[in-house]
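1. what's the 3D shape of this:
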Amino acid sequence: MNDAAESSTPFDDVRELAMRDIEPDAACSKKVHEALLGMGRQGDFGKLGQAAEWLAGWQRRYPPRIENATLAIFAGSHGVTSAGGTVSLSSDENTRGRIEDLRAGKAPLSAIAAANQTNIRVFELAIEKPTADFTDGAAMSERECAATIAYGFEALEGKPDLLALGVVGAGIGTATAAVACALYGGTPDYWVRPGPSTPKDISAARVEAVNAGLARHRGRLEDPLEALRCLGGRELAACVGAILAARIQSVPVVLDGFATTIAAGVAHALNPHAVEHLLAAHVTRRPAHQAALDRLDLPPLLPLEFNTGGGMGSVTAVGLLRTACAPFLGAPAASDS
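-> Coordinates of the predicted model:
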């Protein structure tokens, strides 16, 4: 075995994927821009016009259109929920219940997705086997983390022309705050900052856990993939994989809440160009979500102020993107009246 083979690591393929030079089709975006100018004044269509240009460029086609939208929900569990204080308002049992409702089409999200003509695919990531408690050791081994990133590629299996992301899992907020702190610095208090419905004792437990995790893994966290494996979870890793695979396949991606945004932050830390095919659907009521979007220079399409990042925002944005495509898909049929 040669020295290069001996020194390779499971993350090498992930880094190579992130660094590929891929750009949208500028000609398709330009056609949208010129068509919009023919429909009105510069800027008349605001964010809808910008979204249509973005969609056409990454779909590499004109007119932009959505024929096979998919919402990928990644569901996992976290060992940090068993540490010291209670860090989650939810539980693994709640996660299983949400998965069952989604698969049975009984969840509110199911109705929203149907209204927006979006297929839901749920990816269950070994909920019965939580990641390790990151206050005591790395959440995942390098091999497990790399394999989970690769598993995220499965979100593209049905050849969607638009991919929306969402996550569910008790403890995901704490893990996400820890990864955000590793990526961007600042204090755990800053990144834990919850929405208004989170009790103070849970917020305090989250801050304590993030502090402990950062101290436990000090010296490893400058590498974004190491930050992901040491502090993150399988949902985050799978989202990173979906984001990178979508870019390779030229599929535009709609982000949801704080967790999917920090997954994008990991991709951005590997290569700032690796997030150009992403659109932020909305901003939640969690202040750290807006802070993360600011770091990525991704303005949200809508200020929906949801408390959840479970896919509601991203799938709602699919409907708005359909509206953005409508002016390019032909004139409406004439009324019989």
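2. hey, let's count contacts and neighbours off CA atoms from now on
-> Will do.
3. just checking, next helix/strand downstream of the helix or strand containing Ala242?
-> In the assignment (DSSP states H and E), Ala242 maps to helix 234-248. Of the helices and strands lying after helix 234-248 in sequence (DSSP H and E), the nearest is strand 253-255.
4. Correct me if wrong: Val254 contacts Glu276.
-> No: counting by Cα atoms under 8 Å, Val254 does not reach Glu276; the two are 11.2 Å apart.
5. In terms of neighbours, single out the busier of these two.
-> In this view Val254 and Glu276 are compared by other Cα atoms under 10 Å, and Val254 has more residues nearby, 28 against 18.
6. how far away is the more buried one from Pro272?
-> Using Cα to Cα, to the nearest Å, Val254 is found at 17 Å from Pro272.
7. Repeat that for Leu165.
-> From Leu165 to Pro272 the distance is 20 Å (Cα to Cα).
8. Likewise for Glu235?
-> Between Glu235 and Pro272 the computed distance is 21 Å (Cα to Cα).
9. These two - which one has more neighbours?
-> Neighbours per residue (other Cα under 10 Å) separate Glu235 from Pro272, with Glu235 holding more: 30 against 15.
10. Check which helix or strand the residue nearest to the more buried one when sequence neighbours are not counted maps to.
-> Spatial nearest neighbour of Glu235, excluding adjacent residues (Cα to Cα, 6 or more residues apart in numbering): Phe74 at 5.2 Å. Per DSSP H and E: Phe74 is located in strand 69-75.
11. Name the next helix or strand downstream of that strand, please.
-> Following strand 69-75 in sequence, per DSSP H and E, is helix 92-104.
12. Just list what the helix or strand just after that next one packs against, helices and strands only.
-> Downstream of helix 92-104, the first helix or strand assigned by DSSP H and E is helix 108-115. On a contact count with 3 or more Cα pairs under 8 Å, 6 or more residues apart in numbering; DSSP states H and E, helix 108-115 meets strand 118-124, helix 312-325.
13. Could you single out the most deeply buried of these?
-> Neighbour counts (mean count of other Cα atoms under 10 Å) averaged over each of these peak at helix 312-325, with a mean of 23.
14. quick one: contacts of it?
-> For helix 312-325, contacts defined as Cα atoms under 8 Å, 6 or more residues apart in numbering pick out 48-49, 51-52, 63-66, 69, 71, 109, 112-113, 116, 118, 164-166, 254-257, 280-282, 301-302, 304, 306.
15. Grab the nearest non-local neighbour of Asp136.
-> Of all residues not flanking Asp136 in the chain, Arg216 sits nearest, at 7.0 Å (Cα to Cα, 6+ apart).
16. Tell me how far the longest helix that the chain contains lies from the chain's centre.
-> If you go by DSSP state H, the chain has its longest helix at helix 200-216. Here helix 200-216 is found 23 Å from its chain centre; the criterion is Cα atoms, centre = their mean, to the nearest Å.
17. ok, back up a step: could you count how many residues lie near the residue nearest to Asp136?
-> Neighbours of Arg216 (other Cα under 10 Å): 17.
18. With Arg229 instead?
-> Neighbours of Arg229 (other Cα under 10 Å): 25.
19. my guess is it meets Arg143, correct?
-> No: with contact defined as Cα under 8 Å, Arg229 does not reach Arg143; the gap is 9.4 Å.
20. Next up, the contacts around the closest residue to Val275 other than its chain neighbours.
-> Closest residue to Val275 apart from its sequence neighbours, by Cα to Cα, 6+ apart: His268 at 5.9 Å. Neighbouring residues of His268 by Cα under 8 Å, 6+ apart: Ala274, Val275, Leu296.
21. same thing with Phe123?
-> Phe123 neighbours (Cα under 8 Å, 6+ apart): Ala72, Ile73, Phe74, Ala75.
22. Same check on Glu34?
-> No contacts exist for Glu34 under Cα under 8 Å, 6+ apart.
23. what's the angle from the one helix or strand it maps to to helix 312-325?
-> If you go by DSSP H and E, Glu34 is part of helix 26-39. Between the axis of helix 26-39 and that of helix 312-325 there is an angle of 70 degrees, by axes from the mean of the first three to the mean of the last three Cα atoms, to 10 degrees.
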